[in-house]
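# coords below, sequence missing:
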């Protein structure tokens, strides 16, 4: 069998953001018109191939002001993004999937660029650098999956490898306290290329209607083609530069575990865990924005929840009691005081937390 699909898409958004006290203005218009088509070919029950492509015409018209710095982006560009996937079923239990896809990001101000943080009592702003180019990515994936039923037990397992290259990737560089009022300026510029590679797995086991288990994990490596500068202050007489070779705030390994046990028709227990491996993070240590690279510890966040369900007249009530992050695996070195770096945050979102919940549903 064969299936052919085609279509068109139009997106437009307008951003008007102003902070008068710092003379920070973002006036940006973004319009994208896309044409896409894909062809799916299934010659037999075992093989399925899909070939597709998308052509986007992107128009960015942006004006960016910060104190006495003015930047603009006036881009009209067409980008072709092909993709290909292949699915092959060896039998009812085993199947292979592989694919390739290309992506891009046009030079523009994103939500994270509008985030305002403070360092040493001064505000830190992000502005686009001059002649910022479009970022491209090429992603390759291959996976092998297994699914079967052994008696009353359902089992599924997937292992996947991935490799993604980045060209002209957007990188934020801290230029130090470059403005007269002490405001720290960061610029988004293009890097010299990078890649992300790794593997992950997923496991699902359902031995009965009362119990199920899910687990997954990822190992990955991120690296820049050349050492990437993240701090370059032209006013630093010592000509201090800070460079990195791998992505910040990106752990090499992470995983999860979820299980549910239904003890009775009314009572159930949930146990879940999230593992976050160590990573590199930048901590700004002075008013010029100089970062110190820190190797963070790993974290294991274990959560427990039990739920009891009962009826009350025309209502079904779920009463839940639990504790999140039982071992209090939490960041221990938050910056404090008026000179703190407000962006120096990593790891689990909450410390050990006890909670009680009620959920009402009408019958």
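Happy to help now that I have it. Note that the structure is predicted; figures quoted are calculated from it, not measured. Residues are numbered from 1 along each chain as shown.

# so residue 355 touches residue 324, yeah?
Yes: if you go by C-beta atoms under 8 Å, residue 355 and residue 324 touch, sitting 7.1 Å apart. Where C-beta positions appear, they are placed from N, C-alpha and C, glycine not excepted.

# So these two - more neighbours on which side?
The neighbour comparison of residue 355 against residue 324 (other C-beta atoms under 10 Å) goes to residue 324, with 18 against 10.

# beta partners of the more buried one?
Beta-bridge partners for residue 324, by DSSP bridges, are residue 353.

# again with residue 280
For residue 280, the beta-bridge partners are residue 295 (DSSP bridges).

# show me what contacts the closest residue in space to residue 291 that isn't next to it in sequence?
Leaving aside its sequence neighbours, residue 291 sits nearest to residue 282 (C-beta to C-beta, 6 or more residues apart in numbering; 3.9 Å). Neighbour list for residue 282: 230, 242, 248, 291-294, 344 [criterion: C-beta atoms under 8 Å, 6 or more residues apart in numbering].

# What of residue 135?
For residue 135, the contact set (C-beta under 8 Å, 6+ apart) comprises 104-105, 107, 166-170, 190.

# Likewise for residue 248?
230, 279-282.

# any weak-confidence spans in the stretch 151-300 of the chain?
176-182, 235-239 (pLDDT under 70).

# hey, where'd the strands end up in it?
When assigned using DSSP state E, counting those that start in this stretch, the strands of the stretch 151-300 of the chain occupy the ranges 153-167, 170-174, 184-190, 194-208, 211-224, 228-232, 241-244, 253-262, 267-276, 280-284, 291-295, 299-312.

# In JSON lines, list the ones you listed along with distance to residue 82.
JSON lines is the format used below for the strands of the stretch 151-300 of the chain (distance: least, C-beta to C-beta, whole Å):
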{"stretch": "strand 153-167", "distance to residue 82": "15"}
{"stretch": "strand 170-174", "distance to residue 82": "22"}
{"stretch": "strand 184-190", "distance to residue 82": "23"}
{"stretch": "strand 194-208", "distance to residue 82": "19"}
{"stretch": "strand 211-224", "distance to residue 82": "24"}
{"stretch": "strand 228-232", "distance to residue 82": "28"}
{"stretch": "strand 241-244", "distance to residue 82": "32"}
{"stretch": "strand 253-262", "distance to residue 82": "30"}
{"stretch": "strand 267-276", "distance to residue 82": "35"}
{"stretch": "strand 280-284", "distance to residue 82": "34"}
{"stretch": "strand 291-295", "distance to residue 82": "38"}
{"stretch": "strand 299-312", "distance to residue 82": "39"}
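
# quick one, which of these is nearest to residue 61?
Among the strands of the stretch 151-300 of the chain, the nearest to residue 61 by C-beta to C-beta is strand 184-190 (17.3 Å).

# what's that closest one packed up against?
Counting contacts by 3 or more C-beta pairs under 8 Å, 6 or more residues apart in numbering; DSSP states H and E, strand 184-190 is packed against strand 122-128, strand 170-174.

# For the shortest one, give me every contacting residue.
Going back to what we said before, that points to strand 170-174. Outside strand 170-174, the residues that touch it by C-beta under 8 Å, 6+ apart are 105, 126, 129, 132, 135, 184, 186-191, 228-233, 284, 289, 291.

# My guess is residue 3 contacts residue 40. True?
Yes: applying C-beta under 8 Å as the test, residue 3 and residue 40 come out as touching, 4.3 Å apart.
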